[in-house]
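Asks: Provided below are the primary sequence and the corresponding predicted coordinates.
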Amino acid sequence: MRVQVVRSERRHKTVQARVVDGVLRVAIPARMSAADEEHWVMEMQRRVLSRAEPRNPDLAARASRLAIRFGLPEPASIEWSARQRTRWGSASIATRKIRISDRLVDYPRWVLDYVIVHELAHLTEANHSPAFWRLVRRYPHAEKARGYLMAKAEQA
């Protein structure tokens, strides 16, 4: 995508980007350094592209593959949720529906897979009992992913 940088004397701190006729127009403060300009152009490109891309359309296929691989039940449905700000995922045993926080969309795939496995395990074990954790530990990166998520939660 072509980029046009617009420096503004009226803009003091904020950076704004929008697509106009197929061109990403990035508005920055006039006094911004060249290094900061480069950083913000790249950041705004990333943000605009992440909004334009579908939200990981293979989420259902991913859950199905993980369920089969680790001997867990498949969900009736699995979808992204923009409303989950304090949880990484949730599962409803009654409906077998799983929701995954859209905060995970840019995280490493092994972290996303861990959250999916965690929620799939809840379809069998509703609580965090020893039996539940035995199911979750079938996923080989479980401990590493838990640590990653704990670190991310602390940063928030």
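Replies: Everything's here; your move.

Asks: What segments of this protein are helices?
Replies: 34-52, 59-70, 109-122, 130-136, 142-155 (DSSP state H).

Asks: Take those helices and lay them out in TSV including mean pLDDT.
Replies: Below are the helices of the chain laid out as TSV (pLDDT from 0 to 100):
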stretch	mean pLDDT
helix 34-52	84
helix 59-70	95
helix 109-122	96
helix 130-136	97
helix 142-155	92
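
Asks: between these, which one is nearest to S90?
Replies: Nearest to S90 among the helices of the chain is helix 109-122; the distance by C-beta to C-beta comes to 6.9 Å. Every residue, glycine included, has its C-beta placed from N, CA and C.

Asks: can you give me how far the closest one is from the chain middle?
Replies: Remark: helix 109-122 is offset 13 Å from the chain centroid, using C-alpha atoms, centre = their mean, to the nearest Å.

Asks: going forward, begin numbering at 185 instead of 1
Replies: Taking 185 as the first residue, the last one we looked at is helix 293-306.

Asks: Using CSV, write out every CA atom in it.
Replies: Taking Å, rounded to 0.1, in the frame of the first residue of the first chain, the C-alpha atoms of helix 293-306 are listed here in CSV:
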residue,chain,number,x,y,z
ARG,A,293,0.1,-19.5,17.3
TRP,A,294,1.3,-21.9,20.1
VAL,A,295,-0.2,-19.5,22.6
LEU,A,296,-3.5,-19.4,20.7
ASP,A,297,-3.5,-23.2,20.5
TYR,A,298,-2.9,-23.5,24.3
VAL,A,299,-6.0,-21.3,25.0
ILE,A,300,-8.1,-23.4,22.6
VAL,A,301,-6.9,-26.6,24.3
HIS,A,302,-7.7,-25.1,27.7
GLU,A,303,-11.2,-24.2,26.6
LEU,A,304,-11.7,-27.6,24.9
ALA,A,305,-10.7,-29.3,28.1
HIS,A,306,-13.5,-27.3,29.9
